[in-house]
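Engineer: Got a sequence here, can you model it:
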Amino acid sequence: MKQFRFVPRSRSLSVCGLLVTAVAFLSAGHAQASPLNMSGMSWGTIASCIDPSLTQPFLSAGDSNWYTLAPGESPGSFGGTGWTLTGGASIKAGQTGSVLDLPSGSQAISPPMCVASDYPTARTMVRNVAGGEGVQVSVAYAGTKTAAVAQTVGQVHGQRSNWTLSNPVNIHPGNLPGWQLVRFALTPGGTHSDFQVYDFWVDPHMHY
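Structural biologist: Numbering: from 1, shown residues only. Below you'll find the predicted structure:
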């Protein structure tokens, strides 16, 4: 499993502590609706939100942006703590750490993560074990209509069985100031496919 060079955090991101409202997500109007139903899932509160630790995991790929990992992960390994795995989704051993395995019909939903309006994109490592349809990425934001029915925001694809750095996926945070709570859902495409994912990073839009 190819690893990228990690650089220690140089400074933290400072944002206000306000919960996003339903109006805030209207800016994401071009995101497509997904049948993914997240109603009834616990969200917690923004009171626990703190500035994240930031690294530059994709420097070797020419991406100098700063990122923070989604919950339940460590660099190079997908532990899956707090994730909801259904339909055969599982954590499997990889070459240097664990990965999220997503066969057809499965789904993986992250625990809530604190983001802000200047967290525009996410990137991940993905590979195709079988099939080539890719993995659909959906988002759900607390306090918005997407909290019940998630919105599809893109797909990530591997290059056959090789570990591949995905293109950036726009996660459509609301445009009001303050912390927002988001869940990510990963759903494999195809009927006879299998994909693996690790290192799902979110970009706080810090550029130097």
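Engineer: Could you list the low-pLDDT ranges of this structure?
Structural biologist: Residue ranges of the chain with pLDDT under 70: 1-39, 206-208.
Engineer: can you count the residues close to the residue nearest to residue 49 when sequence neighbours are not counted?
Structural biologist: Nearest residue to residue 49, sequence neighbours excluded (CB to CB, 6 or more residues apart in numbering): residue 114, at 3.7 Å. For every residue, glycine as well, the C-beta is placed using N, CA and C. By other CB atoms under 10 Å, the residues close to residue 114 number 22.
Engineer: Tell me the helix or strand right after the one helix or strand residue 114 maps to.
Structural biologist: Following DSSP states H and E, one finds residue 114 within strand 113-115. Next along the chain after strand 113-115, taking DSSP H and E as the criterion, comes strand 121-130.
Engineer: Point out the other elements, helices or strands, that the strand holding residue 114 touches.
Structural biologist: Judged by 3 or more CB pairs under 8 Å, 6 or more residues apart in numbering; DSSP states H and E, the packing partners of strand 113-115 are strand 180-188.
Engineer: residues contacting residue 72?
Structural biologist: By CB atoms under 8 Å, 6 or more residues apart in numbering, residue 72 lies in contact with 78, 79, 80, 81, 82, 83, 110, 111.
Engineer: can you tell me which of those residues lies nearest to residue 138?
Structural biologist: Residue 138 lies nearest to residue 110 out of the contacts of residue 72, by CB to CB, at 10.5 Å.
Engineer: contacting residues for the closest one?
Structural biologist: Contact partners of residue 110, counting by CB under 8 Å, 6+ apart, are 70, 71, 72, 82, 83, 183, 184, 185, 200.
Engineer: Can you lay out those as TSV showing distance to residue 102?
Structural biologist: As requested, the contacts of residue 110 are arranged in TSV below (distance: CB to CB, whole Å):
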residue	distance to residue 102
70	15
71	18
72	15
82	17
83	11
183	16
184	13
185	11
200	12
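Engineer: which of the residues you listed has the most neighbours?
Structural biologist: Among these, residue 200 has the most neighbours (other CB under 10 Å), with 27 neighbours.
Engineer: Confirm that residue sits in a strand?
Structural biologist: Yes - using DSSP: H, G, I helix; E, B strand; the rest coil, the secondary structure at residue 200 is a strand.
Engineer: Can you verify my assumption that it contacts residue 113?
Structural biologist: No - using CB atoms under 8 Å, residue 200 is not in contact with residue 113, being 9.8 Å away.
Engineer: Need the residues touching each of the two.
Structural biologist: In contact with both residue 200 and residue 113: 70, 184, using CB under 8 Å, 6+ apart.
Engineer: next one: stretch 131-145 to chain centre, how far?
Structural biologist: The chain centre lies 9 Å from the centre of stretch 131-145; the measure is CA atoms, centre = their mean, to the nearest Å.
Engineer: Buried residues, that stretch. List them.
Structural biologist: Of the residues in stretch 131-145, 131, 133-144 count as buried by neighbour count, 16 or more other CB atoms under 10 Å.
Engineer: what is the nearest residue to residue 110 once chain neighbours are set aside paired to in the beta sheet?
Structural biologist: What sits nearest to residue 110 in space, not counting adjacent residues and going by CB to CB, 6+ apart, is residue 184, at 4.3 Å. Beta bridges link residue 184 to residue 139 when assigned by DSSP bridges.
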